[in-house]
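Novice: Test case, fold it:
(chains A and B)
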Amino acid sequence: MHNPQQEIRVAVVFGPGMKLRPVWFELNRRQHVIRQVTNSWLERRGETPLLHFHVTDDGALYELVYNMKDGVWKLALVEAL
Amino acid sequence: MERTIMHIDMNAFFASVEQQSNPALRGKPVAVSGSESRTVILTASYEARAYGVKTGMTLWEARQKCPELILVPTNNRLYTWVSSRIIDILRDYTPLVEVFSIDEAFLDITGSTGLFGSVERICSLIKSRIREDHGITCSIGIAPNKLLAKLASDMQKPDGLTVIEPGDVDRILESLPVKELCGIGRKTEQQLLMLGIRTCGELGRFDVRLLEKKFGVTGLKLHYMGRGIDDSPVVAEEEAEEVKSVGHSTTLKKDLTARDDILKVLLQLAEMVGRRARRYGVAGKTVHLTIRYTDFTTFEKQEIQPAPLSGSMEIYRAAAQILDSTPLSHPVRLLGVRISGLRPAGEQLPLFPEERTGLRLTEAMDKVNNRHGDFTVMFGSLLDQRSKGSHVISPAWKPEGIRNVGVD
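Specialist: Residues are numbered from 1 along each chain as shown, chains lettered A, B, ... in the order given. I've put the predicted structure just below:
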């Protein structure tokens, strides 16, 4: 089980035009290499932009959320593939 | 000059977006359902449709049709985001884009073919960009008007491209059932059937005076529809008519009878209406209350107010007053609050101190909620309400402006 409020470490490539591409993230001291970013979308909670990514590794689908105001990443969802 | 109108329809939109997000769902029967307990199927993937799963079915009915159906809860923020990005793509090919719903749009590309080559090339570019950027397919209809373009996009699904040339219109419409035309619902279809009209060909030939006698001004429109004539323009958002009302409604998690329970929902709806009205600087002279009973009887009552309202508490009080003047005959299933007769909200400070305090309180709440998100600060009586805000994408949703309602 993961805690959706828990902050996680994410390695990100910042591309041209402020495009973010998460490359790997850590969960329970294990590094998960991202195979595919399947979707991404922006949500605004008040003045805080939250950038959501649906990503897969070899076994699961994850939703990573980047709080663009605080510079913090959280894991919102884990679903086995 | 002959117009070239495109209608674009995203195929099984919500389900396709979910299949793109989650590779495990691809090629499988998937249905997206609402987040609330009394929900129905919002859309189904083509794999699920092959089993007979349809929009509007209860979850139980859908599972009867397809026991292996995978149900996915709706992710409205994702769908509205993807829809907005797709509209951005469409606007690269013409400024005349009319958003018809979250997954449909009309484009007037009459002046675009000179820039991009041909109609087919524009369609091909749009289709490939949507597929590359969002991993989903769409069906496109091309015709001389909106009525026929919508008809054309329905002819090949999924991932279709259908062109109705002006010379083909009569042949296509001759044997086409009238219900296939956008704007002819079940009720109109039955009324036409009573006149012996089944097909568009028959509708086009029917005596227009009799149609007008039966349907009033709509009779002439029906006559033109039967002949495939539609002069309505593609209206881009910035040219669209001003919004006439601001409203929210909600289907309740359980049927309500107690006044206090109903009032809590009204307060929440009034806050949503008031927030949106204040954000866009409008106030409404008339407050409407909509009630749907458990037997699906629905009625709306309205009260003209002494002055235009935009304060949540004022809207709530007006709605509560309408409620108190309405003896409820059944438990309530749905509630809606709306303000109409919109005008620019006045800047004038109220005369009485308690009204001024109320105004400052609203301003302070708005400031906090603008910064931290809706319902961060709320009325105390809403604290125990678990579900707040909008959870359903309105049919009138637009990617920008007052109709861009944030949904959870």
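
Novice: What's opposite the residue positioned nearest the centre of chain A in the beta bridge?
Specialist: Central residue of chain A (CA atoms, centre = their mean): A:Leu64, 2.2 Å from the mean position. Beta-bridge partners of A:Leu64, counted by DSSP bridges, are A:Phe53, A:Leu75.

Novice: Might you report the residue contacts of it?
Specialist: Under the criterion of CB atoms under 8 Å, 6 or more residues apart in numbering or on different chains, the contact partners of A:Leu64 comprise A:Ile8, A:Val10, A:Pro22, A:Phe25, A:His52, A:Phe53, A:Val55, A:Trp73, A:Lys74, A:Leu75, A:Ala76. Heads up, the C-betas are built off the backbone N, CA and C, glycines and all.

Novice: which is the next helix or strand following whichever strand or helix holds the third one?
Specialist: Looking back up the chat, that one is A:Pro22. Assigned by DSSP states H and E, A:Pro22 falls within strand A:19-27. Next along the chain after strand A:19-27, taking DSSP H and E as the criterion, comes strand A:30-33.

Novice: quick one: buried residues of that next one?
Specialist: Buried residues in strand A:30-33, counted by 16 or more other CB atoms under 10 Å in any protein chain shown: A:His32.

Novice: which stretches of chain A have low pLDDT?
Specialist: For chain A, residues meeting the criterion pLDDT under 70 lie at A:1-4.

Novice: Might you enumerate the residues of it proximal to chain B?
Specialist: Proximity of chain A to chain B is assessed by CB under 8 Å from any CB of the partner chain, with A:36, A:38-39, A:41-48, A:52, A:54, A:56, A:61, A:79-81 identified as the residues in range.

Novice: filter the residues you listed to the buried ones?
Specialist: The neighbour-count test (16+ other CB under 10 Å) applied to those identifies A:Thr38, A:Asn39, A:Trp41, A:Glu43, A:Arg45, A:His52, A:His54, A:Thr56, A:Leu61 as buried.

Novice: how about those residues in JSON lines, adding secondary structure?
Specialist: Conversion of these to JSON lines gives the following (DSSP: H, G, I helix; E, B strand; the rest coil):
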{"residue": "A:Thr38", "secondary structure": "strand"}
{"residue": "A:Asn39", "secondary structure": "strand"}
{"residue": "A:Trp41", "secondary structure": "strand"}
{"residue": "A:Glu43", "secondary structure": "strand"}
{"residue": "A:Arg45", "secondary structure": "strand"}
{"residue": "A:His52", "secondary structure": "strand"}
{"residue": "A:His54", "secondary structure": "strand"}
{"residue": "A:Thr56", "secondary structure": "strand"}
{"residue": "A:Leu61", "secondary structure": "strand"}
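
Novice: Between those, which sits nearest B:Thr362?
Specialist: Of all these, B:Thr362 sits closest to A:Arg45, with 20.7 Å by CB to CB.

Novice: Please verify my assumption that the closest one contacts B:Gly373.
Specialist: Yes. Judged on CB atoms under 8 Å, A:Arg45 makes contact with B:Gly373 at a distance of 4.0 Å.

Novice: follow-up on the earlier one: name only those of the contacts of A:Leu64 that count as buried.
Specialist: Going by neighbour count (16+ other CB under 10 Å), these have A:Ile8, A:Val10, A:Pro22, A:Phe25, A:His52, A:Phe53, A:Val55, A:Trp73, A:Lys74, A:Leu75 buried.

Novice: And the furthest pair within the buried ones among the residues of chain A next to chain B?
Specialist: Of all pairs drawn from these, the widest gap by CB to CB lies between A:Arg45 and A:Thr56 and measures 25.4 Å.

Novice: average pLDDT across stretch B:392-405?
Specialist: The pLDDT scores in stretch B:392-405 average 71.

Novice: Run the chain-centre distance for that stretch.
Specialist: For stretch B:392-405, the distance between its averaged C-alpha position and the chain's averaged C-alpha position is 7 Å (CA atoms, centre = their mean, to the nearest Å).
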